[in-house]
Every structure is written in structure tokens, then in C-alpha cells.
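Peer 1: Okay, sequence plus prediction incoming.
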Amino acid sequence: MSVALESALEKDLREAKSALARHGVVIMRTIEAELEPAMMAEVRRSMESTPRKLSKLSEEELDDLMEKTRKAAASESKALKKLYTRLLMRIGTKQPRELIDELEGIGQLFIWERIAQSVGPVNEALEEAGFEPVELAGAEVLSDAFKLELEERWPAAFQQFKTLTELAVEHMKKLGEAQKAAATKSARKRKR
């Protein structure tokens, strides 16, 4: 590969990494700001759908349940944000060879199904109190912009980054093989 092509690949990879980071930050900030309120809205709907059960709770029991579900929602939202922060830092700081094996797993974590699992502890608290579990129907529950970011922009940026990372690793492998062959050839010439 020529130096210019090598330089172009590095530039493209850097740009793809930047684009991926931008989309990842938007996802993380939306989760930080919108996930907990979305869960709590679903908690209220669940409780309102069973007015008899709700009416049997004392004011104190209701306050305790709301506090417990709010803490669970806040904790899950924070944990998910931390996970995504760690993953984006790995993408930003690792060399392509070190990152290539992790990309598939990272791609599987930035999906709605993973985010929707965060209601698990909230549901435990609701079910203990006798209420129906909640479900976050889709990314649009947080916002339409979030849905667009998570389901269209992130996957496109991630695929671009993954493809370029794979190309860079392949290029480094070929370059290493060429250097090894050149060294072997040079050593043979010196023996003559």
C-alpha cells in the first residue's frame, strides 16, 4: 500500500472514530437525561392501571414505593451511561489490533434491546408491591431524535468504523509480513 493510501486510511479511520464518538455521546446524554423519566412515567401508568391496588397503599407506602422505583431507575440509567462511557473510551484509546475482537460485542450493546433491559430492577420493586411490570416499548419513548440516533446514525457510523478498523488491521498485517520478508531477504544476502 502506498504512503498516500496509508495516510488516507488513517485519516478515514480517525474521522470514523470521531463520528462514532459524537453519536455515542448523544446517546449517552439522552440516556442520562431521559431514561429515568421515561421509566418513571411507565411506573405511574402501571400503578394507575390497577386503581384498587393503588388505593390500598397508605401515603407512606406509596412514597416508599415511588422512592424505591425512582432510585432503581436512576441507578440503572447511571450504570448504563457508565458502561457506554467505558466502551467509547475503549474505542477512542485502543489501537485497531487491540480493538478488533471487541467490536462485535460493543455493537451489540448499543441497541435498544440492551437499553430496555434497564427496567429490570424497577420491575422487581413494582412486582414486590403487587403491580404489573413495565416495558419501554421503543427508543421513541425517550425521544424521536434518540430513536433516529440509536437506530440509524449510530449503526451507520459503527459499521463504517468497524469496516475501516478491519481494513487497518489487515493492512498492518500485510505490512508486517512484508517487513518480515524483507528482513529475511536481507539476512540471506548478508550470508552470501
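Peer 2: Sure, I can see it.
Peer 1: Surely L109 touches L83?
Peer 2: Yes. Contact between L109 and L83 holds when scored by C-beta atoms under 8 Å: they sit 6.9 Å apart. Placement of C-beta: from N, CA and C, glycine included.
Peer 1: Any buried residues in whichever strand or helix holds D12, and which?
Peer 2: Here D12 sits within helix 3-30, counting by DSSP states H and E. When burial is assessed from 16 or more other C-beta atoms under 10 Å, helix 3-30 yields the following buried residues: 12-13, 16-17, 19-21, 23-24, 26-28, 30.
Peer 1: Below-threshold pLDDT in this structure: ranges please.
Peer 2: Across the chain, residues meeting the criterion (pLDDT under 70) sit at 1-5, 187, 192.
Peer 1: Apply 90 and report the result again.
Peer 2: Counting by pLDDT under 90, the chain shows low-confidence ranges at 1-10, 54, 90-102, 104-105, 107, 168-192.
Peer 1: Is there a neighbour count for the nearest residue to G138 once chain neighbours are set aside? I'd like the number.
Peer 2: Beyond its immediate neighbours in the sequence, the residue positioned closest to G138 (C-beta to C-beta, 6 or more residues apart in numbering) is W112, lying 6.4 Å away. Using other C-beta atoms under 10 Å, the number of residues around W112 comes to 18.
Peer 1: which residue packs closest to the residue nearest to the spatial centre of the chain, ignoring adjacent ones?
Peer 2: Note on the chain: the residue nearest the mean C-alpha position is F110, at 3.2 Å, using C-alpha atoms, centre = their mean. By the measure of C-beta to C-beta, 6+ apart, the closest residue to F110 outside its immediate chain neighbours is W154, 5.7 Å from it.
Peer 1: Quick one: residues contacting that neighbour.
Peer 2: Contacts were defined as C-beta atoms under 8 Å, 6 or more residues apart in numbering; by that measure W154 touches L20, H23, G24, I27, F110.
Peer 1: and the host helix or strand of it, how far from the chain's centre?
Peer 2: W154 is part of helix 154-191, with elements assigned from DSSP H and E. Relative to its parent chain, helix 154-191 has a centroid offset of 29 Å by C-alpha atoms, centre = their mean, to the nearest Å.
Peer 1: got it, and stretch 132-145?
Peer 2: Taking mean C-alpha positions (C-alpha atoms, centre = their mean), stretch 132-145 and its chain are 17 Å apart.
Peer 1: How about stretch 115-127?
Peer 2: Taking mean C-alpha positions (C-alpha atoms, centre = their mean), stretch 115-127 and its chain are 19 Å apart.
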